[in-house]
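Colleague: Can you look at this prediction? I've put the sequence above it.
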Amino acid sequence: MQSIRRFIETIGQGVIDLIEGLGRSAMLLGQTLLWIPRPPYRLKQLFQAMEFIGVGSLFIVLLTGLFTGAVFALQGAGAFRMFNAESLVGSTVAISLARELSPVLTGLMVTGRAGSGIATELGTMRVTEQIDALYTMAVNPVQYLIVPRFIAGLIMVPCLSALFTLIGMGGCYFVAVVLLDIDQGTFISQTNWFVDPEDLTSGVIKACVFGGILTMVGCYKGFYASGGARGVGLATTQSVVVSSVMILISDYFLTALMFE
């Protein structure tokens, strides 16, 4: 009976913790949205967050984009060669990058680098009582710490996603035209014919949503971290896992809404 009771208590406590977490995250998101249009505007913190999220993640995003485009061109050419349709490689890779691969992979890369860094930074501030010190100085920590990072995520992740698509097509072009000797004119014309502006727009919208998700999750996990150094490490790990899962789940629903 004791083991059954402990099992039920464990499940119940898990459900309670989940509901409390959803409530606190919703309240934090609401406070962030309310503080966005209200002065004072922390431009210095905003530019620092944009540099950390965008410029700091530029190399890993571009490197991932280059080899993603190259690998998809290599695989696509092998598959299309069986149907004598190698000319479709460029358009296929371009649509795949613009709609799905660029926003999703950019979101995951930025999550692993910037999202974890945000959670670590805010978690360290929490356990060292720096956030409590902001309250004593009459500075709202949500406006000072979270709003700039949230706005920076909404701005920089779509920019990184667009660059991912550009460099990915560069890798695709190199593999298809230079290495596999696919006709350059056919490659470019087929890409222009099949890729619509809506494909690029949908990818930018997705990247904007993913940027908001990864920054808010990182801020939430760091803002409510506890338990010293171990708690900060746990918050960082949870931030990366939760952000990655939420990006993949939201990608499905966004795709269903945009291309139904």
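Modeller: That came through fine.
Colleague: Tell me who's in contact with the spatially most central residue of the chain.
Modeller: The residue lying closest to the centre of the chain (C-alpha atoms, centre = their mean) is Gly107, at 2.4 Å. Contacts for Gly107 (C-beta atoms under 8 Å, 6 or more residues apart in numbering) come out as Val157, Ser161, Ala207, Phe210, Gly211, Ile213, Leu214, Ser243, Ile247. All C-beta spots, glycine's among them, are computed from the backbone N, C-alpha and C.
Colleague: Which positions in the helix or strand hosting Gly69 come out as buried?
Modeller: Gly69 belongs to helix 58-81 when assigned by DSSP states H and E. Buried residues in helix 58-81, counted by 16 or more other C-beta atoms under 10 Å: 60-62, 64-66, 68-70, 72-74, 76-77, 80.
Colleague: hmm, who's touching it?
Modeller: Taking C-beta under 8 Å, 6+ apart as the rule, helix 58-81 contacts 86-90, 92-93, 96-97, 101-102, 105-106, 109-110, 113, 160, 163-176, 180, 182.
Colleague: what's the domain layout of this structure?
Modeller: 1-35, 40-258 (automatic domain parsing).
Colleague: Identify, out of the ones you listed, the most deeply packed stretch.
Modeller: domain 40-258 (a mean of 19; mean count of other C-beta atoms under 10 Å).
Colleague: which helices and strands does the lengthiest helix in the chain pack with?
Modeller: With secondary structure taken from DSSP state H, the chain has its longest helix at helix 2-35. The contact analysis (3 or more C-beta pairs under 8 Å, 6 or more residues apart in numbering; DSSP states H and E) places helix 2-35 against helix 147-173, helix 197-223.
Colleague: Quick one: work out the angle between the first one and helix 197-223.
Modeller: If you take axes from the mean of the first three to the mean of the last three C-alpha atoms, to 10 degrees, helix 147-173 sits at 140 degrees to helix 197-223.
Colleague: same for helix 147-173, what does it pack against?
Modeller: helix 2-35, helix 43-50, helix 58-81, helix 89-96, helix 102-110, helix 197-223.
Colleague: got the angle for it vs helix 2-35?
Modeller: Going by the same axes, to 10 degrees, helix 147-173 makes 90 degrees with helix 2-35.
Colleague: what's the following helix or strand after helix 147-173?
Modeller: Immediately after helix 147-173, counting by DSSP H and E, sits helix 184-194.
Colleague: The last one now?
Modeller: Sequence order places helix 228-258 as the next helix or strand after helix 197-223, per DSSP H and E.
Colleague: How far off centre is that following helix?
Modeller: 9 Å (C-alpha atoms, centre = their mean, to the nearest Å).
Colleague: Restrict stretch 219-229 to CA atoms and write it as CSV.
Modeller: The C-alpha trace of stretch 219-229 is given here as CSV (Å, rounded to 0.1, in the frame of the first residue of the first chain):
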residue,chain,number,x,y,z
CYS,A,219,14.2,33.5,-19.5
TYR,A,220,11.6,31.5,-17.6
LYS,A,221,13.9,28.7,-16.7
GLY,A,222,16.6,31.1,-15.6
PHE,A,223,14.3,33.6,-13.9
TYR,A,224,12.8,30.9,-11.6
ALA,A,225,16.0,28.8,-11.1
SER,A,226,16.8,27.8,-7.5
GLY,A,227,19.2,25.4,-5.7
GLY,A,228,22.6,27.0,-6.3
ALA,A,229,25.0,25.9,-9.1
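Colleague: could you give the mean pLDDT of it?
Modeller: What stretch 219-229 shows for mean pLDDT is 89.
Colleague: And the closest residue to Ile213 other than its chain neighbours, how far from Glu100?
Modeller: In this structure, Ile213 finds its nearest non-sequential neighbour in Met246, 5.2 Å apart by C-beta to C-beta, 6 or more residues apart in numbering. Distance from Met246 to Glu100, counting by C-beta to C-beta, to the nearest Å: 16 Å.
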